[in-house]
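In: no sequence for this one, just the structure:
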């Protein structure tokens, strides 16, 4: 075990709080896609900045774990850095930027490109866990709708999108049906990532701190993006390759490079991009990789 | 040329160093001490204690210093600290009738046992900037002290109306059983009145004020009179299991407000006065009065009133949005990068625009 700051219990939360969260996690795993209320604590970072994910990670970590934290697919975005440093300080665990080496990955808005493996845990930060929230603002109503599997409102919304735009006009936080029962918000990941939710060997946990909800997708659970037979789910994604590592079929960020409309596309998953560079792949803007070890 | 999104860690360290420097300000000006804030910014300290739900003036003053005077940030610091503290138990119900009042006013009776005590109030000051305060090292201001000791009990004004049966009695079941703890159980609806009051006691002052104001202007109007507003020090007692009886563990300052509200009666209740209740840590009058108005507005169901659709009547709306730490966190999180989501939207909008420019086919197809 690595030394840790002795002022805090391991991973910051006290053991009673962790037990309460673990109970909620077990219930969430037992009822895939169901939102389990939990007594979310005030954390030393703001609500809306990953407090749900942080609490789930804290309740999940063991001293032997290796943690990776990403935001927008990248390890070096400011909030990911902040959360990673937090756990280094209060849990003394080892951290990594390599998806393959991590046992617990906390993420905001992305699923890593690399296929996750059995034994890995992916913890999502969730702002609004309720997929019906913007159709029905009242929690008292939406809980009833889930209990009765009354999802007509959602299908009407998707239909109206098609009637109006020719497409389902949801690009991220695209609703899914989990194991044929609960409609779930997968957190604001781009819909490009939705297929990776299904049948994953990894355990996927979702924590919403401010909204006091936890939900889960156990390994090898069927997760279907909502669609219609004549308007099947479209994954989307930029029609380009990564300018640095030449990857195709991955999620790309669009970067504005000058004030004359010039733009380039690069991997959103920085670890995936690094891995490809190290393997010798080069895009038009890819610099040599030496000294660039993450 | 593309600049890699690296360096977040160093940028954060530098930002924190700059924050520390900015907090200190001009070093030729003496640094504020925590006791100075505690003693001279008392009302800020009180607000931080009330909304932070923690009675600790020194810690609240330190939080204000650390937060550069941003009170919501200071409240946040207190909340994050509070949540790590162990819970030893609940105190006995506070006896605010035994409060050593420093201020006690009633708007419903000209005089009543216990009298009107104005106390340290801004109420009748003329709001003219006092330039003499800009000069430092003035003579210490000193107010006169009453010769008679304060009475041991100051009865609540509501008790007089109560005795005549004009005021709706507080229901027994409202306070029955162990008090709920909002910080240890997830909020669920419908909420009991005890839970609503607990949420309002730590609710944002501005939000509570505006909701209360909206009821005065007609959105869920409930005709409030300030039956009584009192500020003072109350003893806190807790039962020690080993002893088997309650002992005094300290004194805290509180503000309590009871409103008396006109009520014409409903299908289930005869005409009578009803009440709203507000209680805060420290001296926070505006908050306590606002809380009482909002409490009363949310009682429509219990009193058989109509739901007028007013925000202040709607407990789910009020309780879900009254916490400034939740609100500010979620509001400010939109500063965080969202470029993955934005990219997805960008692609969708481009697709929709391309198809809109090409012709109306998809619309026809879906509408057939």
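Out: Everything's here; your move. If you're wondering where the values come from, they're calculated on a predicted model, not measured in any experiment.

In: confidence score at the residue of chain A most remote from its centre?
Out: Within chain A, residue A:260 marks the point farthest from the mean C-alpha position, 34.0 Å out by C-alpha atoms, centre = their mean. Residue A:260 carries a pLDDT score of 88 in this model.

In: same check, this time on residue B:346
Out: 88.

In: these two touch, right, it and residue A:254?
Out: Yes - between residue B:346 and residue A:254 there is a contact under C-beta atoms under 8 Å: 6.7 Å. The way it works is simple: take the backbone N, C-alpha and C, and place the C-beta from them, glycine included.

In: between those two, who's got more neighbours?
Out: Higher neighbour count among residue B:346 and residue A:254: residue A:254, with 17 against 14, using other C-beta atoms under 10 Å in any protein chain shown.

In: contacts only, for that one.
Out: Residue A:254 makes contact with A:238, A:263-265, B:343, B:346 under the criterion C-beta atoms under 8 Å, 6 or more residues apart in numbering or on different chains.

In: give the bridge partners for it, please.
Out: residue A:265 (DSSP bridges).

In: would you mark the buried spots in stretch B:148-168?
Out: Using 16 or more other C-beta atoms under 10 Å in any protein chain shown as the test for burial, stretch B:148-168 gives B:154, B:156-158, B:160-162, B:167-168.

In: and residue A:219, how many neighbours does it have?
Out: So residue A:219, with other C-beta under 10 Å, has 16 neighbours.

In: same question but for residue B:22, I mixed them up
Out: Every residue meeting other C-beta under 10 Å relative to residue B:22 is counted, giving 9.

In: tell me the confidence at residue 62?
Out: Chain wasn't specified; assuming chain A. 97.

In: wait, chain B
Out: Looking at residue B:62, its pLDDT stands at 98.

In: which of the contacts of residue A:254 count as buried?
Out: For the contacts of residue A:254, a burial check counting by 16+ other C-beta under 10 Å picks out A:238, A:264-265, B:343.

In: farthest pair within those residues?
Out: Spanning the widest gap among the buried ones among the contacts of residue A:254 are A:264 and B:343, at 12.8 Å by C-beta to C-beta.

In: is stretch A:98-105 anywhere near chain B?
Out: No - counting by C-beta under 8 Å from any C-beta of the partner chain, no contacts exist between stretch A:98-105 and chain B, the nearest distance being 15.5 Å.

In: and the buried ones among the contacts of residue A:254 as CSV, adding distance to residue A:108?
Out: Below are the buried ones among the contacts of residue A:254 laid out as CSV (distance: C-beta to C-beta, whole Å):
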residue, distance to residue A:108
A:238, 20
A:264, 23
A:265, 21
B:343, 14
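
In: helices and strands around the helix or strand hosting residue B:290, which ones?
Out: In the assignment (DSSP states H and E), residue B:290 maps to helix B:285-298. Packing partners of helix B:285-298 (3 or more C-beta pairs under 8 Å, 6 or more residues apart in numbering or on different chains; DSSP states H and E): helix B:193-201, helix B:205-216, strand B:224-240, strand B:245-261, strand B:274-281, helix B:315-321.

In: of these, which approaches chain A most closely?
Out: helix B:315-321 (5.8 Å; C-beta to the nearest C-beta).

In: the helix or strand that the closest one is followed by near chain A anywhere?
Out: Proceeding N to C from helix B:315-321, the next assigned helix or strand is helix B:324-332, under DSSP H and E. Yes - interface with chain A: helix B:324-332 contributes B:325-326, B:328-332 (C-beta under 8 Å from any C-beta).

In: could I get the full set of strands for the stretch 51-200 of chain B?
Out: With DSSP state E, counting those that start in this stretch as the criterion, the stretch 51-200 of chain B has strands at B:100-105.
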